[in-house]
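K.L.:
build me a model:
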Amino acid sequence: MDKTRCARAPQLQSIADAASAYRLIYRRLDALLRGRAEVAELAVPACPAWTIRQTVAHLAGIAQDIVCLNMQGKGSDSWTLDQTSRLGEHSTDELLDLWGQMIDPVTARLTQAPQASASQLVFDTLTHEHDIRGALREPGDRTGDPTYEVALGFLTTMGDLIIRHAELPALQLTTSTLRSVQLGDPDGACGQLALDISDLEALRALGGRRSVRQLLALPWQGDPTPLLPAFTDQLPAFTNNGIRPPSDDLLE
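P.N.:
Now for the predicted structure:
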């Protein structure tokens with residue numbers, strides 16, 4: 001049997017699922033960080049310019065901007081800098097309180113947002129949860145978590161569009177949550193690759209948290225070199241330069 005026939009197309013999860021996942025990540029980070037002032041200024045290896053407190057300021061700032069419809073320049077360096085600057089004097093607990101007050105208004109806004117935007121919010125928030133956990137060396141759940149379905153649904157839907165647009169080799173991606181999904185056209189002239197990895201590794205690899213060396217070291221079936229522009233050129237361009245492989249390896 002042709003294995004590509006067993007793979008399904010990427011699929012975005014519902015806005016209701018995205019809202020539930022967003023709430024779940026907030027609750028987990030609140031439980032993880034509340035009352036731990038001693039960790040607030042720890043550097044976050046995945047976001048070298050930020051401490052844990054600044055990362056939470058970014059998350060609380062995103063919530064504020066969504067509620068206020070301040071989405072011009074979404075994802076850009078200036079947009080995120082404004083968030084960390086205007087909330088930079090708050091403690092982590094104060095930021096968690098502020099973010100918590102925004103949860104209901106944010107999820108209400110999501111009902112009016114495109115499905116992809118709701119899933120993108122979950123992807124970004126889950127990514128930063130694991131950035132923070134990496135700083136604390138407290139990994140938490142790395143597979144089978146309902147938030148992965150939403151975040152990976154966004155990443156694979158976006159990846160499928162990028163690969164098709166750039167006419168890059170197709171990729172059959174398998175994780176425990178996704179099962180097998182088809183990114184790109186398997187009948188195209190560029191060929192077909194396959195990759196079977198964990199949910200966490202898919203989140204980190206497709207989400208800009210793995211260096212080129214780490215990407216090449218994944219357990220590919222086929223030569224991934226022709227697909228690298230999806231990570232290094234096409235994805236950054238698609239995300240306002242917001243998702244790009246780091247120069248150095250990130251070990252988690």
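K.L.:
use CA for all of it now, contacts and neighbours both
P.N.:
Will do.
K.L.:
hey, where'd the helices end up in this structure?
P.N.:
For the chain, helices defined by DSSP state H occupy the ranges 15-33, 52-67, 77-86, 92-110, 115-136, 146-166, 199-206, 212-216, 229, 235-238.
K.L.:
just want the angle from the fourth one to helix 52-67.
P.N.:
Meaning helix 92-110. Interaxial angle, helix 92-110 versus helix 52-67 (axes from the mean of the first three to the mean of the last three Cα atoms, to 10 degrees): 30 degrees.
K.L.:
tell me the buried residues in helix 92-110?
P.N.:
By neighbour count on 16 or more other Cα atoms under 10 Å, the buried set for helix 92-110 is 92-96, 98-100, 102-103, 106-107, 109-110.
K.L.:
and for the fifth one?
P.N.:
Applying a neighbour-count criterion of 16+ other Cα under 10 Å, one finds 115-116, 118-136 buried in helix 115-136.
K.L.:
what about the closest residue to Leu250 other than its chain neighbours, how many neighbours?
P.N.:
Take Leu250 and drop its neighbours on the chain: the residue closest to it by Cα to Cα, 6 or more residues apart in numbering is Arg210, 6.2 Å away. For Arg210, the neighbour count with other Cα atoms under 10 Å is 25.
K.L.:
my guess is Arg210 meets Pro246, correct?
P.N.:
Yes - in this structure, Arg210 is within contact of Pro246 by Cα atoms under 8 Å, at 6.3 Å.
K.L.:
how close does Ala166 sit to Gly159?
P.N.:
Per Cα to Cα, to the nearest Å, Ala166 is found 11 Å from Gly159.
K.L.:
so between the two, which is more surrounded?
P.N.:
Applying other Cα under 10 Å to Ala166 and Gly159 shows that Gly159 carries more neighbours, namely 24 against 13.
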